[in-house]
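# how would this look folded up:
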Amino acid sequence: MSPGFLSLATREEGAMSQTNFVPHIPLDQYGAVFAEHFAMTRRDGVIEVRFHTGGDEALWSMELHRAISQMFQAVGQDADNEVMIITGTGDLWINKRDMESYRQHPTGTYDIWYRDSVKLIENLLWSVDIPTIAAINGPGFHTEFGLLCDLTIAAEEAIFFEPHFHVGVAPGDGQFLVYQALMGPKRANHVMYIRDEGIFASEALDWGLVGEVLPRERLLDRAHEMAAQIMRQPRTVRRLTTQIARRPLRQIVQRDLGMHLSHELFGVHETPRSLRHFDQD
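Next up is the predicted model:
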């Protein structure tokens, strides 16, 4: 080590930093930004995120699609969040679409159809470094981000759908990929190709998609009980544990999501609109 370096180290010892940490954005600020899509509350470090449309059951739209990935980033950057619970509004998870949103945003748009689809999943797995709990409150599609949470519980009425193939679209947005990862390829293939009635909650429990099935009126209470149990462990342990727990799903997403999604979008682009059922009322 040169004398000049030693002299520099001595001069800087005890000196104040010339810059400051950038503060995280607090819940009251980003909660207001996302209020059109999510109702957010926090108690004792546990943030509950409930998606909705106009205060009622959520309609799937391109705007909600993007907002989910943005919300994961906002929740993840807030150091005051220690556990996240995500759930839907009313009796359905997401079971209807805002068709005007679909008409306004034609397929093939990179930012809306490709990037938003990738970031929705990536931001949950990589940006939210706290334990996550999904409370699937009823039947619905786009349950992939609920199934990717560290813990997933479901209401007895919940039904899980993989509708893409049945409506003339290749299944590439992540739902089928999650099925393959959690149920195994054979069972996932059978559900995707053959079962248009979906997977009932009891089956989802038997097949490893969810950890518990409860009456709907008990669902959120149970999610908060689980969060309170997680909170008993040290903060660093909680956060490092998420890195271990998510590693298998991160590897699968990193390896295969782009391939799945590009195949879906190419199929949509090449298939005549008259043969596709997903963009009809």
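
# same question for stretch 168-182, mean pLDDT?
In this model, stretch 168-182 carries a mean pLDDT of 96.

# kindly format the C-alpha coordinates of that stretch as CSV.
Extracted C-alpha coordinates of stretch 168-182, given in CSV (Å, rounded to 0.1, in the frame of the first residue of the first chain):
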residue,chain,number,x,y,z
GLY,A,168,-57.6,-19.9,-29.2
VAL,A,169,-54.4,-18.5,-27.6
ALA,A,170,-51.2,-20.2,-26.7
PRO,A,171,-50.7,-20.2,-22.9
GLY,A,172,-47.7,-18.0,-22.4
ASP,A,173,-48.4,-15.2,-20.0
GLY,A,174,-47.1,-17.1,-16.9
GLN,A,175,-50.2,-18.9,-15.6
PHE,A,176,-49.4,-22.2,-17.4
LEU,A,177,-45.7,-21.8,-16.5
VAL,A,178,-46.6,-21.6,-12.8
TYR,A,179,-48.9,-24.6,-13.2
GLN,A,180,-46.0,-26.6,-14.7
ALA,A,181,-43.7,-25.5,-11.8
LEU,A,182,-46.2,-26.3,-9.0
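
# which of the residues in that stretch are buried?
168-182 (16 or more other CB atoms under 10 Å). Any C-beta I mention is one placed from the backbone N, CA and C, and that applies to glycine too.

# ok, Met71 - contacts?
Residues counted as contacts of Met71 (CB atoms under 8 Å, 6 or more residues apart in numbering) are Phe34, His37, Phe38, Val49.

# quick check, pLDDT for Thr109.
So Thr109 comes in at 83 (pLDDT).

# all helices for this protein, in order.
Applying DSSP state H to the chain gives helices spanning 3-12, 27-33, 62-77, 99-104, 116-122, 144-147, 175-183, 185-194, 201-206, 216-230, 235-245, 247-270.

# can you lay out the ones you listed as CSV showing distance to Trp93?
Listed next are these as CSV, based on distance: least, CB to CB, whole Å:
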stretch, distance to Trp93
helix 3-12, 55
helix 27-33, 22
helix 62-77, 12
helix 99-104, 18
helix 116-122, 15
helix 144-147, 7
helix 175-183, 12
helix 185-194, 17
helix 201-206, 11
helix 216-230, 11
helix 235-245, 23
helix 247-270, 20
